[in-house]
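Asker: with the input below, show me the fold.
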Amino acid sequence: MNTRPIVPAELGWSPQGLPFSPRHGDVYHPLAGAAQQALHVFLGGNQLPQRWQQRPRFVVLETGFGLGNNFLATWDAWQRDPQRCDTLQFISTELNPLRRDDLRQVPREPQWAALARQLEAAWPPLTPNLHRLSFDGGRVQLLLALGDTRAWLPELVAEVDAFYLDGFALARNPEAWDSRLLKTLGRLAAPGATAATWSAARPVRDGLVTAGFAVERVPGRGGKRDITIARYAPAFVPRRAPARAAAPSMRRRAIVVGAGLAGSATAAALAAQGWQCELIDRHAQPAQEASGNPAGLFHGIVNAQDGTHARFNRAAALEIARVLAGALRDGVPGALDGLLRLETTLPSAAAMQAVIDRVGLPADYVQALDADAAARLAGLALHQPAWFYPQGGWVRPDALVRWFIAQGGERVQWRGGLRVESIHRAEADGEGEGDGDWQLRDAQGATIARAPVLVLANAGDALRLLGHPEWTVDAVRGQLSFAPADAGWALPRLPVAGAGYLLPSVGGQAVFGATSAAGDMAPDVRETDHALNLAQYERLTGQAAPVAAGTLQGRTAWRWVAGDRLPVVGAVPDLQAAIARPIDQVRFVPRVPGLFVFTALGSRGITWSALGADVLASAITGAPAPLESSLLDAIDPGRFVVRQVARRARRDAR
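Answerer: As a prediction, this is how the structure comes out:
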């Protein structure tokens, strides 16, 4: 997906006092009011709230978020309905979103005022991403896709129950009603899906028919003679890619192996979807591997091409910042005060700002600072320009792991001190409830646990349990150093990263590092590595270290890193089936039923944990994916199989 800079909407007012778009020369809603249009056209036209009642999940897709009135009306109706669905997932696209300050100026229906304030508080930086906003304890989710609807609809992964087709008038905004756009709705439609729009224009109705909908014109209100409603009735149903198919289980039970950041976040994400999880680890307590470090950083990245890595890291950084806002309120040690990353390639802050402008990133996501401005922010002398990430920061990862587990409540059962020697899938013969269950066995062959879904989130040990597949994932040893903060260290007010990193005082400790040594599996803490970390400290601060390397304390752990520097998240590929029928698209690679993996978080375990867990939970449960399809492919373990099968084909062709 090629991103384009987000151009915020300009909020104007019509002579009648209605919210007006100067860009499109049209009002956002008719004179009869936003509430009447939302309730009659979109909720009424989709038979809501009746259709969502007694369901575990209901998914709405809106084309054109605008002022957010349709979302607020739907959320309000959901809150008022005692028979409401367990979770409401509302996806909306918007090419020209309002700035937060403009959103606050929009007049609201009195019954929506409190909800509107929550929406304003959660409003994200205007970056070309799929932003997840969470309300009502996670039971209402808004997935806000900022950018061109025509680009977003092919990228969305969801089964939609109701479509709200909104937007400015066809004559003023024809791209919002493009026939190719409407045709993509069929790919997203769940069985029995409905659609509604205030437009009765022939091209709109024809586009819905092409997408597989049976279309009907019905009387409108508020000066609108007719509106359009439709029901999905396709001649054939499009094939769903194996990577996009939910786990085949009605029992909603899973085992997650590995109680670090990846595993604990996954257990919490599944619990939020109503699943029961056993969280199993070989250690007696959670967070004993790399997640046991005393502190770690989180932040996004920027590059001029805004390619796969930049887009994924930006999405992950925005999600973890949202999650950590709640974790820090609950007492998890850390800070969301921002982070500075020193620039070593571009010559100046002006050159850095040119990159930001080219990509179109807002100041509440990233800023380019010259050395003096960065030094003032850090509170210590810096000699390079720096990227400032206002939503970056640091957190104590072991406390975050425990917080994730606590979020799962009674749905997450912690079981420590259990080493899994092997995994096996029971044959599905149709005779019992446990047909097709995954079984975990210890060294004596005894069953530790069993469930229809298994997630391996135990770093490099996941590869052992999978039989050492030919994935390019390797161990990188890292050692960080720490010492009492009152020993004369020059510590910044907020984290500084570059060649190494330096944190503010963490529980009275100066924490800095870290070394990087691929393939080194020795667990000892070394004075030579402390010396390397001290050298990094001196380069960052321009000051001599106040103590000798031999006086430092430290910790060693291993980062598991994929060759393409992206995590490995998704359903485990079936290599033999893929070899038998070579496929060059990652999402169509055959999968092992009920088996998933989340590993290779590298040095970005904190940043990637929450988004990766949500991606995995959506893949397992069938909820809308919080990431676009092209990025799902980029982190999918099937990518290794596609490359492996292609290598075999080239070799066989010689």
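Asker: and the lowest-mean-pLDDT helix or strand in the chain, how far out from the chain middle?
Answerer: Lowest mean confidence among the helices and strands of the chain (mean pLDDT, DSSP states H and E): strand 26-27, at a mean of 78. Chain-centre distance of strand 26-27: 34 Å, with CA atoms, centre = their mean, to the nearest Å.
Asker: next: stretch 301-319.
Answerer: 12 Å.
Asker: just stretch 632-640 next, same as before
Answerer: Computed by CA atoms, centre = their mean, the chain-centroid distance of stretch 632-640 equals 15 Å.
Asker: then that stretch to CSV, C-alphas only?
Answerer: The C-alpha trace of stretch 632-640 is given here as CSV (Å, rounded to 0.1, in the frame of the first residue of the first chain):
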residue,chain,number,x,y,z
LEU,A,632,0.0,-8.6,7.6
ASP,A,633,1.7,-10.3,4.7
ALA,A,634,5.0,-8.7,5.6
ILE,A,635,5.0,-10.1,9.2
ASP,A,636,3.3,-13.5,8.3
PRO,A,637,5.5,-16.6,8.8
GLY,A,638,4.2,-17.7,5.4
ARG,A,639,6.7,-15.3,3.8
PHE,A,640,9.5,-17.7,4.6
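Asker: what sits against residue 107?
Answerer: Residues in contact with residue 107, defined by CB atoms under 8 Å, 6 or more residues apart in numbering, are residue 19. To be clear about C-beta, it is placed using only N, CA and C from the backbone, and glycine gets the same treatment.
Asker: what does residue 132 give?
Answerer: Contact partners of residue 132, counting by CB under 8 Å, 6+ apart, are 141-144, 319, 322, 614, 626.
Asker: of those residues, which belong to strands?
Answerer: Counting by DSSP state E, the contacts of residue 132 place 141-144 in strands.
Asker: just flag the most distant two among the contacts of residue 132.
Answerer: 144 and 614 (14.6 Å; CB to CB).
Asker: before we move on, the earlier item: by contact count, what packs against the least confident helix or strand of the chain?
Answerer: strand 19-21 (3 or more CB pairs under 8 Å, 6 or more residues apart in numbering; DSSP states H and E).
Asker: and the strand it packs on, which strands flank it?
Answerer: strand 12-13 (antiparallel), strand 26-27 (antiparallel) (DSSP bridges).
Asker: deepest in the core, which of those strands is it.
Answerer: Ranked by mean neighbour count, those are led by strand 26-27 with a mean of 16 (mean count of other CB atoms under 10 Å).
Asker: confirm that residue 59 sits in a strand.
Answerer: Yes - assessed with DSSP: H, G, I helix; E, B strand; the rest coil, residue 59 lies in a strand.
Asker: and it, bridged to which residues?
Answerer: Beta-bridge partners for residue 59, by DSSP bridges, are residue 89.
Asker: one more: residue 135?
Answerer: Applying DSSP bridges to residue 135 yields these beta-bridge partners: residue 140.
Asker: select the longest helix from the chain.
Answerer: Across the chain, the longest stretch assigned as helix under DSSP state H is helix 308-329.
Asker: same for it, what does it pack against?
Answerer: By 3+ CB pairs under 8 Å, 6+ apart, helix 308-329 packs against strand 130-135, strand 296-298, strand 334-335, strand 393-395, helix 397-407, helix 605-621, helix 629-635.
Asker: tabulate these (TSV), appending distance to residue 305 and mean pLDDT.
Answerer: Listed next are the helices and strands packed on helix 308-329 as TSV, based on distance: least, CB to CB, whole Å; pLDDT from 0 to 100:
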stretch	distance to residue 305	mean pLDDT
strand 130-135	19	98
strand 296-298	23	98
strand 334-335	31	98
strand 393-395	26	98
helix 397-407	31	99
helix 605-621	20	98
helix 629-635	14	98
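Asker: which element is residue 62 on?
Answerer: Element membership of residue 62, judged by DSSP states H and E, is strand 57-63.
Asker: same check on residue 544?
Answerer: Going by DSSP H and E, residue 544 is not in any helix or strand.
Asker: cool, residue 67 as well?
Answerer: Going by DSSP H and E, residue 67 is not in any helix or strand.
Asker: list the contacts of it.
Answerer: 19, 28-29, 34, 98, 103, 106.
Asker: any chance of TSV for those, columns neighbour count?
Answerer: Converted to TSV, the contacts of residue 67 look like this (neighbours: other CB atoms under 10 Å):
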residue	neighbour count
19	21
28	24
29	20
34	24
98	24
103	17
106	18
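Asker: tell me which two in those are the farthest apart.
Answerer: Every pair of the contacts of residue 67 checked by CB to CB; the farthest is 29 and 103, at 15.0 Å.
Asker: so for the longest helix of the chain, mean pLDDT?
Answerer: Averaged across helix 308-329, pLDDT comes to 98.
Asker: quick one: buried residues of it?
Answerer: Buried residues in helix 308-329, counting neighbours by 16 or more other CB atoms under 10 Å, are found at 308-324, 327-328.
Asker: what does stretch 569-577 give?
Answerer: Buried positions in stretch 569-577, judged by neighbour count with 16+ other CB under 10 Å: 569-575.
Asker: and if you look at stretch 238-253?
Answerer: 241-244, 247, 249, 252-253.
Asker: what residues are bridge-paired with residue 256?
Answerer: Under the criterion used (DSSP bridges), residue 256 bridges to residue 279, residue 455.
Asker: residue contacts, it?
Answerer: Residue 256 makes contact with 263, 266-267, 270, 277-280, 455, 457, according to CB under 8 Å, 6+ apart.
Asker: ok, and the most crowded of these?
Answerer: Neighbour counts for the contacts of residue 256, by other CB atoms under 10 Å, peak at residue 267, which reaches 33 neighbours.
Asker: any idea how far that one is from residue 569?
Answerer: Residue 267 sits 15 Å away from residue 569, going by CB to CB, to the nearest Å.
Asker: ok, now residue 38?
Answerer: Applying CB to CB, the value for residue 38 to residue 569 is 36 Å.
Asker: residue 209 should be in a helix, yeah?
Answerer: Yes - with three-state DSSP as the criterion, residue 209 is located in a helix.
Asker: surely it meets residue 203?
Answerer: No - Residue 209 lies out of contact with residue 203 (CB atoms under 8 Å); the separation is 10.8 Å.
Asker: one step back: quick one: which of the buried residues of stretch 238-253 is nearest residue 68?
Answerer: Set against residue 68, the nearest of the buried residues of stretch 238-253 by CB to CB is residue 244 (28.4 Å).
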